[in-house]
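S.K.: The amino acid sequence is not available; the structure is as follows:
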């Protein structure tokens, strides 16, 4: 393959992956916005609501782990189709109105399985791009995810306002159709070469011994713990503390993702101009500080200011932390899977913990747990930056 044709294939691959991850963002995030409707329609408690959020994370975690091995035996295309199809199935259950806890738990697991498969596939494909093109690709990738996550709540507000009591189910039906279009793109996109030998013994496992890989995974763990809890409980929190009405609370979800999208576009522009370490430090301090502003405020203006700051500074943490840890796993499905798996484990714990505490001590106490995880995220960033600077200083001392 000539250099020109390879560049064209990479461009087509990037465009296709960006679209499929846009769909993943649109379909992954509405669960948090659905929670108030599920509670009103079926009378769910905080406990059960938290379990539903965590079930999506469990499905995500299982799929991420499986996605590291499935391509070895099924190939990348059949592997991603096998996991992605469950998103459409999950939203079909939501749209049908079958509100038994067992079915809704299954639906949340299904959306999580698809999300995990989408995430591992997209990040692996971007990791095959060379140099700064990959770092820029990560920011564009997660920017497209943010656009999908931004538009979904707006469409939900429209549907709920136009068809009260039924709008959220109509929204689920539309997402089901969107997920079907994603499957069509997966079936046709140009993929890079795969394993010559389909055996687990052919997979490079050296990344397990690289410290930088595990530091990146640790940052992802605490970031996803924080992000999932914020996104999953944001709407319910604002409604239940009485600061914002239901429509305004839903709008805050869209505002958060709008700011995240803008932040990721800024990240794509400044790639190569600001070191990863400096960007991670800035993001960690900013996220922690602005979440404190949002959490301790009691009036709309400072709450919105805090939310904007949270969204902007959390925007580039995931892509930068992933790029930080993925230098040693370029194009390695299992390496990407292990990193995302480690990070996604946090998404199981935190939403359920917030719901557990909220049921017993109130929603504000539940959200207080996020302060702890944001602090742990900042600590993991400091540890990673210090480790990198120490490693860079050692050769200089040797000289």
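M.R.: Nice, thanks for sending it over. What you see is a predicted model; the values in this text were computed from it and never measured.
S.K.: Contacts for stretch 93-104 next, please.
M.R.: 34, 38, 41-42, 44, 48, 52, 106-107, 110, 168-170, 172-173, 176 (CB atoms under 8 Å, 6 or more residues apart in numbering). For every residue, glycine as well, the C-beta is placed using N, CA and C.
S.K.: So how do I select the buried members of those residues in PyMOL?
M.R.: A single PyMOL command selects the buried members of the contacts of stretch 93-104 (16 or more other CB atoms under 10 Å):
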select buried, resi 34+38+44+48+52+106+107+110+168+169+170+172+176
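S.K.: In strands only, show me the contacts of stretch 93-104.
M.R.: Here DSSP state E is the test, and these give no hits in strands at all.
S.K.: low pLDDT regions in the stretch 51-200 of the chain?
M.R.: 131-132, 195-200 (pLDDT under 70).
S.K.: On the C-terminal side of the helix or strand residue 229 falls within, identify the next helix or strand.
M.R.: Assigned by DSSP states H and E, residue 229 belongs to helix 211-240. Elements were assigned by DSSP H and E; along the chain past helix 211-240, the next helix or strand is helix 246-270.
S.K.: where's the helix or strand following that following helix relative to the chain centroid, distance-wise?
M.R.: Moving toward the C-terminus from helix 246-270, the next helix or strand (DSSP H and E) is helix 276-296. Remark: helix 276-296 is offset 18 Å from the chain centroid, using CA atoms, centre = their mean, to the nearest Å.
S.K.: Can you point out the buried residues in helix 276-296?
M.R.: Under the neighbour-count criterion of 16+ other CB under 10 Å, helix 276-296 has 276-277, 279-281, 283-284, 286-288, 290-295 buried.
S.K.: quick one: which of the residues you listed is nearest residue 152?
M.R.: Using CB to CB, residue 294 comes nearest to residue 152 of these, at 21.5 Å.
S.K.: What residues does the closest one make contact with?
M.R.: Residues in contact with residue 294 (CB under 8 Å, 6+ apart) are 302, 303, 305, 306, 307, 309, 310.
S.K.: Of those, which is the most crowded?
M.R.: Highest neighbour count within these: residue 310, with 29 neighbours (other CB atoms under 10 Å).
S.K.: what kind of secondary structure is that residue in?
M.R.: helix (DSSP: H, G, I helix; E, B strand; the rest coil).
S.K.: how near is the nearest residue to it once chain neighbours are set aside to residue 362?
M.R.: Leaving aside its sequence neighbours, residue 310 sits nearest to residue 290 (CB to CB, 6 or more residues apart in numbering; 4.8 Å). Between residue 290 and residue 362 the distance, using CB to CB, to the nearest Å, works out to 23 Å.
S.K.: For the spatially closest residue to residue 116 that is not a sequence neighbour, pull up the helix or strand it's in.
M.R.: Leaving aside its sequence neighbours, residue 116 sits nearest to residue 63 (CB to CB, 6+ apart; 3.0 Å). Using DSSP H and E, the element containing residue 63 is helix 46-67.
S.K.: Pull out the buried residues from that helix.
M.R.: For helix 46-67, the neighbour count (16+ other CB under 10 Å) marks 46, 48-67 as buried.
S.K.: what mean pLDDT does the helix or strand that contains residue 378 have?
M.R.: Per DSSP H and E, residue 378 falls inside helix 363-398. Averaging pLDDT along helix 363-398 yields 82.
S.K.: Can you give me the buried ones in it?
M.R.: Quick answer for helix 363-398 (16+ other CB under 10 Å): 363, 366-367, 369-370, 373-378, 380-381, 384-385, 388.
S.K.: List the contacts of residue 181.
M.R.: By CB under 8 Å, 6+ apart, the contact list for residue 181 reads residue 23.
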